[in-house]
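K.L.:
The sequence and its predicted three-dimensional model are supplied below.
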Amino acid sequence: MQARAPLMIEHRLIERMIYVIDRKLKLVELTKEIDSLFVDLAVDFIRTYADRTHHGKEEDILFRTLGNKNLSNIDRQVMNELIEEHALGRKITKALADANLQYRNDNDSALAAVTAQLHTLIEFYPKHIEKEDKIFFPASRAYMTDEEDQAMLAEFMDFDRKMIHEKYNAVVRSLEQE
Ligand SMILES: [Fe+2]
Ligand SMILES: [Fe+2]
């Protein structure tokens, strides 16, 4: 298996979540309300899975490894764009979580902000994923030997192994502080 395989498998789950959010948004247009617990789940999925687990492997392992290579100008530019898009994703998710808090506190006008951030997310992510799957991952593979690619795959597995522990450590820590 090539190192990019688990990243692409993760993209497929992120796409399925985007589809779920899209379906929910269509319903919200009719009902004019949203389940704030659904938004919590979406925020948790994006933060824990799409950002920490998935972007974490891209940034801390793939991009870091490529940072030491002599990337062409265009490949370096695309990598920088991807990093900026991850940062944008974090900003949107923060705005979504804030709007959801307001909505939960009976501020009905916050519904527009919640749905606007969800719309931004589902428009932005598929383009980001396509850029990685079709352009950046194939281009970046050319800078690695087979051994380097396999070493990266092993690092990905090690990274993933820690995620569930990190997640539930954070859950307990936040409950302890309540
Ligand atoms: Fe990414
Ligand atoms: Fe990705």
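P.N.:
The structure has been received and is ready for your questions. Ligands and ions are numbered 1, 2, ... in the order given.

K.L.:
what's the spatially most central residue of the chain in contact with, if anything?
P.N.:
The residue lying closest to the centre of the chain (C-alpha atoms, centre = their mean) is A50, at 2.7 Å. A50 sits next to 14, 17, 89, 125 when contact means C-beta atoms under 8 Å, 6 or more residues apart in numbering. C-beta here means a position set from N, CA and C on the backbone, and glycine is covered the same way.

K.L.:
Now do the buried residues in the helix or strand encompassing the last one.
P.N.:
This means Y125. Element membership for Y125 (DSSP states H and E) is helix 110-130. Judged by neighbour count (16 or more other C-beta atoms under 10 Å), helix 110-130 contains these buried residues: 110-111, 113-115, 117-118, 120-122, 125, 128-129.

K.L.:
tell me what that helix is packed against?
P.N.:
helix 4-31, helix 36-44, helix 73-104 (3 or more C-beta pairs under 8 Å, 6 or more residues apart in numbering; DSSP states H and E).

K.L.:
Could you export those to JSON lines, including columns for distance to G56?
P.N.:
Output for the helices and strands packed on helix 110-130, formatted as JSON lines (distance: least, C-beta to C-beta, whole Å):
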{"stretch": "helix 4-31", "distance to G56": "11"}
{"stretch": "helix 36-44", "distance to G56": "15"}
{"stretch": "helix 73-104", "distance to G56": "10"}
